[in-house]
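Trainee: test case, fold it:
(chains A, B, C and D)
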2 protein chains.
Amino acid sequence: MSLRSKLEDVAKMAGVSTATVSRCLNEPGKVTNKTRERVMNAVDALGYTPHFGAKALASRKTRTVGAVIPTMDNAIFARGLQAFQEALAAAGVTLLVSSSGYDAEQEADQIRVLVMRGAEGVLLIGTARLAKAYEFLARSKTPYVIAWALSDRESPCVGFDNMGAAKAMAERVLALGHRDIAMISGITAMNDRAASRVEGVRAALVQGGLDPDRLSVEEVHYAFDAAGKAFERLMVREVPPTAIICGNDVLGVGAISAAKRRGLRVPEDISITGFDDIDIAAHVEPGLTTVHVPHERMGAGAAAALLALIEGETPQATVCIETRIVERGSLGPPRVGA
Amino acid sequence: MSLRSKLEDVAKMAGVSTATVSRCLNEPGKVTNKTRERVMNAVDALGYTPHFGAKALASRKTRTVGAVIPTMDNAIFARGLQAFQEALAAAGVTLLVSSSGYDAEQEADQIRVLVMRGAEGVLLIGTARLAKAYEFLARSKTPYVIAWALSDRESPCVGFDNMGAAKAMAERVLALGHRDIAMISGITAMNDRAASRVEGVRAALVQGGLDPDRLSVEEVHYAFDAAGKAFERLMVREVPPTAIICGNDVLGVGAISAAKRRGLRVPEDISITGFDDIDIAAHVEPGLTTVHVPHERMGAGAAAALLALIEGETPQATVCIETRIVERGSLGPPRVGA
DNA sequence: ACCCCAATTGTAAGCGCTTACAATTTGGAC
DNA sequence: GTCCAAATTGTAAGCGCTTACAATTGGGGT
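Mentor: Model (predicted):
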């Protein structure tokens, strides 16, 4: 690290003790106006920046929390995280973010890293993760809250009912008369959100008297082109679907794009739905019918819960954020005779 | 922070001194297999995680660097940053990311925060920032590299020629016969990339014998709907443009979307171009003709430069990453008689 | 002017780790 | 078995900060 001035330098320059400088910076009220001024002058004359590590070590607090999200690639987590961080900032708490690339092993590592860097609590996405990650959290007594999903763990969660929302969407699709339904899903292994959404669709089929095993599910990672390829695979099946329920909006947009490339009209020839309601969903043609998730509310709620937990309080165990379907045009009735 | 076990606990359990434990963890070669085993057992029996702050304090090194990006909202910076962080990880260096929301004051703060948290160097986007930010970097002797743009500062940059690329795109537009050209740009204040792109377009106009002052420029922040509104404003002008050059792909996609909503065909009725070549550019209809930026190469190059700088070496001052135009269909000749 | 208490400032002991340096062990070579 | 250098381990002094506690100061009340 570079040469930096330390508390002692400031103290010397201002002609006071290090304790006084520390007080100036942390509890300005406990110091005379006159000395405070002297100290502050020294502080910015020297460009003094406190050494975070030393501070954390001495005070044994960091005012920092961490979050491990699956990816920063697409906008899925951006809005919620933004709200999370704003709520934290309002409480004077810094957020450290890292991403796991949807890899459980990496996620466990990242949690360790965040805690080692002083995270006093962490935000986790969904419930599916390595046992050792949970063990580490327990052993290090690190508070955590789970978001983007509901959880039955002892630690609180602020999320939404992935299965219920997906089921509702599937019911809507069924109600329009679709019987040949397929799904393009994210990889469900170690991803409870993706898995729940598939499960929700299956539940709707069962409820509608259809065989859930006939649902073709293409599992791909969340990317436009992967969705496009999955779409191609689905459309060359013996009985091509008349509606494709996508696990999220990235997949939905990718599917719409692939449909158009194939010369199919949406929704006349094929209906497509998404999940999340990210910005782009409203900006494709036709607009993507999707599940709107109030990410801002979730992020803010998660922050409140985590902050409470850190303060030793016991926040509500489960906060369920309501989702709703937004109709935009990519979902319609099947072609008659299809 | 939660109760954590410390080096001393491990040492006690393994029956060795704290120095030996430290060596086990940091220079395993310097320790007998037998003792290493004993120590390691104690380490995971206790779930020991070193205290980062203490480590940083004692060793006065952190092996971390920081990056302040304008936003995590859209995918513009995701790919480059990903490459940056992978290159760092390969060198055993951790990346701390924070975002400024395109706010110069906030950016200066974030730089301070990162340095205070131990960043041994920082990655900055573009050249336009508060003087005090540069002063802080100089005074704290923090190495930095600038990416996403070219810079004539003493500190290295790994970027591309925003102005040149925009000029090339504008030349292409002119070559197709367009004369009524407009621009939807990002906010140019404190954003040199946005400003350079506008400048580049103007330069092409001048070169083509047109009056650069006749270029209508709508400045908006980077969001689909903001671009849509800007599009509307442009199209109701006395002489609506036949081509709109957008400052980036988010704006381009927003403009295409708005055009279609307005019943205009792209490119028959209106040509639209973008900049960056993010994923979505290839997945709208028609595909967005845009400037492809090799983000991966840039990110990796920036990492190499910053790492070198931290090691006290003097990397190449300016690395210019070549961009190229990708034709996708949203740019065509103007309607005859338009 | 003097005393006393509250407000302000100083002193110094760590926080958990690394790392010179010192002490001890090890294992050949004789 | 002895001796010596090399390998391994231990000792202890900080790293830059916070914070009890002690010392000092200042300002009424008399």
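Trainee: going by C-alpha atoms from here, please, whenever you check contacts or count neighbours.
Mentor: Will do.
Trainee: for the residue of the stretch 201-338 of chain A found nearest DNA strand C, what are its contacts?
Mentor: Closest residue of the stretch 201-338 of chain A to DNA strand C, CA to the nearest atom of the strand: A:Ile310 (17.9 Å). Shown in contact with A:Ile310 (CA atoms under 8 Å, 6 or more residues apart in numbering or on different chains): A:120-121, A:143.
Trainee: who wins for neighbours among the residues you listed?
Mentor: Highest neighbour count within the contacts of A:Ile310, by other CA atoms under 10 Å in any protein chain shown: A:Gly121, with 27 neighbours.
Trainee: state the distance from that one to A:Leu81.
Mentor: Noted for A:Gly121: a distance of 15 Å to A:Leu81, by CA to CA, to the nearest Å.
Trainee: what is the strand or helix carrying A:Val173 packed up against?
Mentor: A:Val173 belongs to helix A:162-175 when assigned by DSSP states H and E. Contacts defined by 3 or more CA pairs under 8 Å, 6 or more residues apart in numbering or on different chains; DSSP states H and E place helix A:162-175 against helix A:192-207, strand A:290-292.
Trainee: list the contacts of the least confident helix or strand in chain A by mean pLDDT.
Mentor: Ranking every helix and strand in chain A by mean pLDDT, DSSP states H and E puts helix A:33-46 at the bottom, with a mean of 90. The contact list for helix A:33-46, computed with CA under 8 Å, 6+ apart, reads A:5, A:10-11, A:13-14, A:21, A:24, A:28.
Trainee: show me those that map onto helices.
Mentor: A:10-11, A:13-14, A:21, A:24 (DSSP state H).
Trainee: which residue is nearest the middle of chain A?
Mentor: The centroid of chain A falls nearest to A:Phe77 when counting by CA atoms, centre = their mean (4.0 Å).
Trainee: and it, what is it in contact with?
Mentor: Here A:Phe77 is in contact with A:69, A:71 (CA under 8 Å, 6+ apart).
Trainee: measure it to B:Arg202 for me?
Mentor: Counting by CA to CA - A:Phe77 and B:Arg202 are separated by 37 Å.
Trainee: pLDDT on stretch A:254-262, on average?
Mentor: When pLDDT is averaged over stretch A:254-262, the result is 96.
Trainee: go on, stretch A:180-190?
Mentor: 97.
Trainee: now do that stretch: distance to the chain's middle.
Mentor: In this view, stretch A:180-190 has its centroid 19 Å away from the chain centroid, taken as CA atoms, centre = their mean, to the nearest Å.
Trainee: buried set for that stretch?
Mentor: Under the neighbour-count criterion of 16 or more other CA atoms under 10 Å in any protein chain shown, stretch A:180-190 has A:180-188, A:190 buried.
Trainee: make CSV out of those and add secondary structure and distance to B:Val250.
Mentor: Shown next, in CSV, are those (DSSP: H, G, I helix; E, B strand; the rest coil; distance: CA to CA, whole Å):
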residue, secondary structure, distance to B:Val250
A:Asp180, coil, 35
A:Ile181, strand, 32
A:Ala182, strand, 30
A:Met183, strand, 28
A:Ile184, strand, 25
A:Ser185, strand, 25
A:Gly186, coil, 24
A:Ile187, coil, 27
A:Thr188, coil, 30
A:Met190, coil, 32
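Trainee: was I right to think A:Arg193 contacts A:Asn162?
Mentor: Yes: look at A:Arg193 against A:Asn162 with CA atoms under 8 Å: they come within range, at 6.1 Å.
Trainee: where does chain A get nearest to chain B, residue-wise?
Mentor: A:Gly53 (3.5 Å; CA to the nearest CA).
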